[in-house]
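Novice: Need the 3D shape of this:
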Amino acid sequence: MTDVAIRCEGLAKQYQIGERESYKAIRDVITEIVASPLRRLRSVLEHSSNGSATAETPNIWALKDVSFEIQRGEVVGIIGRNGAGKSTLLKILSRITDPTQGHVDIWGRVGSLLEVGTGFHPELTGRDNIFLNGAILGMRRFEIARKFDEIVAFAEVENFIDTPVKRYSSGMYMRLAFAVAAHLETEILAVDEILAVGDAPFQKKCLGKMGEVTSMGRTVLFVSHNMNAIEQLCKRVILLESGCVNIDSSDVRAAVTNYISGAAGATHASVWANENNSYQNPYFRPIRLAIVDDEGKDIRMPIRNDDDVWVEITGEVETADPALTIGYGIFDERGQLLYWTYQTDQPQVDWPVIKPGIVHLKSKFPNRILNEGNFRLEFLASLHFRTWVLEPGAGSPHIVLSIQGGLSESPYWMAKRPGLLAPVISWQEISEKVPAKDG
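Specialist: Coordinates of the predicted model:
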């Protein structure tokens, strides 16, 4: 048996702009057969009356010349901006739509969760849909029955399992759809944005189950905009841009970093420079504020929660004052001060020496302290306990710090965590202490 699970060669898909690709039920096909002679006659009459054909509808290529191989048991993340072709690719691999060009070879049964309740019949009960989906995937009835209780328990729809799914809430619909896709034993599983709907407990449950599935040796294609989940679950990443494969790499972190930088639309580093020679004063005139790497090179936003980065400050001192303190303050998007820091935070013997002239200072930004989001990092300078030179929150020079990804290795924290902070705290088990006996 071949070790290849999926092989795509020259895959392309073209759509007409404004055209909807329909998925027909049997009654729709019968209706179309009956109506097609009348439709053709109407088309001929309209063409004759207009005297010429209608203008050609513009086309768009959702996928263009996509080629790759996925080995059996690989867990591959498919990432890219909206409209990059991710969902179209999964629909072709799941045999929901046909490619315009190229071909796909698949070895094994494919289970898919591409949108809420894909493959469900609204008039059937939850029980009937579980067996229907299993049959469509080629599962035998006894195989489905063996997984039935586990599916229902995971979806938490025990009280509604014999109710038509058209009466389910969207959350119930999604839970059951994911449970069916994840529990039925297909060789290949294609999942598109399982975190797009549902509450936080359901999302954690889904990610936990995805972690189990990926550890069982099944081939998984996982589309998501959640880069934490991609990093935790996937061993390989395919980055699509405008329907083409831009990156296909087993260096997941590098591929994700590349995508995040481009998807954020950032074209410059987070740097402030005093180009207008403003903020004149004899104690400390700010020249530059930047986020840099270990080598002092400016870093483009966003950065990861666990990146090693530095805050670099440059200024000019005309009159040295022993009370001068220099640093920065950081604020959230609502203007709430999270913390500020001076060069005098450490023991006095370690304070940088501030002399007249150009001053260069840098401080290591704390790893894994802030949550995902955008923050405002402002210059801070004062003559300690006497007066502000540059007061944060009062027009001080600033840069924007954007954080995305790198939150934790835990499978339970693949999305933005609650709260402003997202520290990774170590825990240890304490063996039970046996009280000492008297005497």
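Novice: Please count neighbours and contacts with C-alpha atoms only from this point.
Specialist: Fine.
Novice: correct me, but Gly243 touches Ala62?
Specialist: Yes. Counting by Cα atoms under 8 Å, Ala62 is a contact partner of Gly243 at 5.2 Å.
Novice: Give the residue from the two that has the larger number of neighbours.
Specialist: A direct count of neighbours by other Cα atoms under 10 Å for Gly243 and Ala62 places Gly243 higher, at 24 against 20.
Novice: Quick check: the gap between that one and Gly327.
Specialist: From Gly243 across to Gly327, the span is 46 Å (Cα to Cα, to the nearest Å).
Novice: Quick check: next helix or strand after the helix or strand containing Ile78?
Specialist: When elements are defined using DSSP states H and E, Ile78 is found to belong to strand 75-79. Counting by DSSP H and E, the next helix or strand C-terminal to strand 75-79 is helix 86-93.
Novice: is it true that Trp61 touches Cys244?
Specialist: No. If you go by Cα under 8 Å, Trp61 and Cys244 don't touch, sitting 9.7 Å apart.
Novice: Could you check which of the two has the larger neighbour count?
Specialist: Cys244 (20 against 16).
Novice: Kindly indicate whether the nearest residue to the more buried one once chain neighbours are set aside is helix, strand or coil.
Specialist: Using Cα to Cα, 6 or more residues apart in numbering and skipping the chain neighbours, the partner closest in space to Cys244 is Lys64 (5.5 Å). Per DSSP: H, G, I helix; E, B strand; the rest coil, the local secondary structure of Lys64 is strand.
Novice: now Lys64: how far from Gln101?
Specialist: Distance from Lys64 to Gln101, by Cα to Cα: 9 Å.
Novice: now the strands for the stretch 251-400 of the chain?
Specialist: Here the stretch 251-400 of the chain has its strands, by DSSP state E, counting those that start in this stretch, at 271-273, 285-292, 310-317, 324-331, 337-342, 357-364, 373-383, 387-390, 398-403.
Novice: most packed of these?
Specialist: When the strands of the stretch 251-400 of the chain are scored by mean count of other Cα atoms under 10 Å, the highest mean neighbour count falls to strand 285-292 (a mean of 24).
Novice: now it against strand 398-403, angle please.
Specialist: Comparing the axes of strand 285-292 and strand 398-403 via axes from the mean of the first three to the mean of the last three Cα atoms, to 10 degrees yields an angle of 10 degrees.
Novice: what angle separates strand 285-292 from strand 373-383?
Specialist: Angle of strand 285-292 versus strand 373-383, following the same axes, to 10 degrees, is 150 degrees.
Novice: avg pLDDT for strand 285-292?
Specialist: Here strand 285-292 scores 94 as its mean pLDDT.
Novice: that older thread, so between Lys64 and Gln101, which is more surrounded?
Specialist: Just comparing Lys64 and Gln101: by other Cα under 10 Å the higher neighbour count belongs to Lys64, 19 against 15.
Novice: that older thread, which residues sit in contact with the residue nearest to Cys244?
Specialist: Gly10, Leu11, Ala12, Lys13, Gly243, Cys244 (Cα atoms under 8 Å, 6 or more residues apart in numbering).
Novice: Many thanks, have a good one.
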